[in-house]
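Asker: Model the structure of this input:
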Amino acid sequence: MNNYFNMIKSQNEKSNKSDIKLKNKLKKQAGDNMTFNMPGYNNDSNPSNLYDVYNGFIRGNMFKQLYNRYKLDRPYDVKPMNRQAEILTKVDAYCFAAHDLNLYLDTHPNDRDMIKLFKELSEDSKQAVREYEKDYGPLFVDSSTSYPWQWNTSPWPWEND
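Answerer: As a prediction, the model looks like this:
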């Protein structure tokens with residue numbers, strides 16, 4: 001029986017050494033920022049602690065206290081090349097913001113301020129989609145309900161000027 005426990009102890013020591021090697025390897029890869037996989041949400045859901053729609057979109061997180069730069073000094077700034085791309089970026093940003101708040105509300109369903117903000121952002125995203133579709137045709141397959149079928153009659157993005 002003693003041999004069995006010695007064998008288990010030896011295996012645990014080897015496992016701990018490999019865990020330390022893995023931690024050191026990850027630490028070396030991540031540099032100073034080892035918090036990339038450690039959520040730091042402090043349950044402060046005040047909407048004034050949120051990024052604006054565009055900054056939340058380029059950071060991938062509407063909540064300032066949850067944003068972690070990881071290896072980026074600053075997020076990539078989206079620079080649309082024309083009006084169509086500009087409106088599409090607006091659609092993306094509003095849809096992202098509404099979706100991010102939706103995820104928050106999955107775990108905090110009684111937060112009235114966030115529910116109100118979610119409704120506003122959802123309406124803003126629908127308005128941005130309408131603005132895009134007015135000038136450039138259906139954006140989503142379910143946007144086209146007219147006769148004749150409009151989904152495939154609009155020019156594709158590479159066919160525009």
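Asker: C-alpha from now on. contacts and neighbour counts both.
Answerer: Noted.
Asker: residue boundaries of the strands in this protein?
Answerer: Using DSSP state E, the strands of the chain do not appear at all; there are none.
Asker: Where does the prediction get shaky in it?
Answerer: Under the criterion pLDDT under 70, the flagged ranges of the chain are 1-19, 22-48, 69-73, 142-158, 160-161.
Asker: go with 80
Answerer: Scanning the chain for pLDDT under 80 picks out the ranges 1-48, 65-74, 140-161.
Asker: Which parts of it are helices?
Answerer: With DSSP state H applied, the chain shows helices at 2-30, 53-59, 83-107, 112-136, listed in chain order.
Asker: Send over stretch 92-103 as CSV, restricted to the C-alpha atoms.
Answerer: What follows is stretch 92-103 as a C-alpha-only set of coordinates in CSV (Å, rounded to 0.1, in the frame of the first residue of the first chain):
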residue,chain,number,x,y,z
ASP,A,92,-22.6,46.9,-36.5
ALA,A,93,-21.9,49.1,-33.5
TYR,A,94,-25.6,49.4,-32.5
CYS,A,95,-26.3,45.7,-33.0
PHE,A,96,-23.2,44.9,-30.9
ALA,A,97,-24.1,47.2,-28.1
ALA,A,98,-27.7,45.9,-27.9
HIS,A,99,-26.4,42.3,-28.0
ASP,A,100,-23.8,43.0,-25.2
LEU,A,101,-26.5,44.5,-23.0
ASN,A,102,-28.7,41.5,-23.8
LEU,A,103,-26.0,39.2,-22.5
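Asker: now what about it, what contacts it?
Answerer: 53-54, 56-57, 61-62, 114, 118-119, 121-122, 124-125, 128 (CA atoms under 8 Å, 6 or more residues apart in numbering).
Asker: Q84 contacts K134, doesn't it?
Answerer: No: counting by CA atoms under 8 Å, Q84 sits too far from K134 to count as a contact (11.0 Å).
Asker: Can you show me the CA trace of stretch 83-90 as PDB?
Answerer: Only the C-alpha atoms of stretch 83-90 are listed here, as PDB (Å, rounded to 0.1, in the frame of the first residue of the first chain):
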ATOM      1  CA  ARG A  83     -21.100  56.300 -47.000                       C
ATOM      2  CA  GLN A  84     -22.300  52.700 -47.300                       C
ATOM      3  CA  ALA A  85     -19.500  51.400 -45.200                       C
ATOM      4  CA  GLU A  86     -20.100  54.200 -42.700                       C
ATOM      5  CA  ILE A  87     -23.800  53.300 -42.200                       C
ATOM      6  CA  LEU A  88     -22.800  49.500 -42.100                       C
ATOM      7  CA  THR A  89     -20.300  50.300 -39.300                       C
ATOM      8  CA  LYS A  90     -23.100  52.200 -37.500                       C
END
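Asker: Thank you, goodbye.
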